[in-house]
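Participant: one predicted model, sequence on top.
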Amino acid sequence: MALHQILFDETEATTTRYIGFFGETTRFDLMITTTEHFYGKKVVTNLQTGRTAILNEKDAANVPYLLETFQLHTEEEANELSEFLLSIL
């Protein structure tokens with residue numbers, strides 16, 4: 001039997017917000033979890049694809065990062081997501 005060395009094991013009450021919106025080119029269904037575990041950053045999940053990122057405002061403003069991380073099809077989609085996230089984070 002393999003030994004597992006646990007790095008952390010914490011339980012925390014979090015707040016999760018579910019938001020769906022239409023941009024100019026696509027629809028986004030997001031789950032945004034607020035936790036103390038990531039130093040004030042939010043855990044953002046695209047519910048359509050399951051892609052997740054840990055973001056703060058600086059990360060949300062980084063359009064190329066959002067494009068790659070959420071595997072969006074166009075820069076326009078990434079811009080729409082960035083603008084929306086900046087309005088709510």
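Facilitator: Noted; the coordinates are in hand.
Participant: okay, which residue is most central for the chain?
Facilitator: residue 44 (1.9 Å; Cα atoms, centre = their mean).
Participant: the host helix or strand of that residue: what's the following helix or strand?
Facilitator: Element membership for residue 44 (DSSP states H and E) is strand 42-46. Reading on from strand 42-46 to the C-terminus, the next helix or strand found by DSSP H and E is strand 52-55.
Participant: identify each buried residue in that following strand, please.
Facilitator: 53, 55 (16 or more other Cβ atoms under 10 Å). The way it works is simple: take the backbone N, C-alpha and C, and place the C-beta from them, glycine included.
Participant: output the contacting helices and strands for it.
Facilitator: Using 3 or more Cβ pairs under 8 Å, 6 or more residues apart in numbering; DSSP states H and E as the contact test, the elements touching strand 52-55 are strand 42-46, helix 63-69.
Participant: tell me the SS of residue 29?
Facilitator: Recorded secondary structure, residue 29: strand (DSSP: H, G, I helix; E, B strand; the rest coil).
Participant: touching, residue 46 and residue 26? I think so.
Facilitator: No - checked against Cβ atoms under 8 Å, the pair residue 46 and residue 26 is beyond contact range at 10.6 Å.
Participant: comparing the two, which residue is more hemmed in?
Facilitator: Neighbours per residue (other Cβ atoms under 10 Å) separate residue 46 from residue 26, with residue 46 holding more: 18 against 15.
Participant: would residue 58 count as being in a helix?
Facilitator: Yes - assessed with three-state DSSP, residue 58 lies in a helix.
Participant: roughly how far does the closest residue to residue 56 other than its chain neighbours sit from residue 6?
Facilitator: Residue nearest to residue 56 in three dimensions, not counting chain neighbours: residue 41, with 4.7 Å by Cβ to Cβ, 6 or more residues apart in numbering. Using Cβ to Cβ, to the nearest Å, residue 41 is found at 23 Å from residue 6.
Participant: many thanks, I have nothing further to ask.
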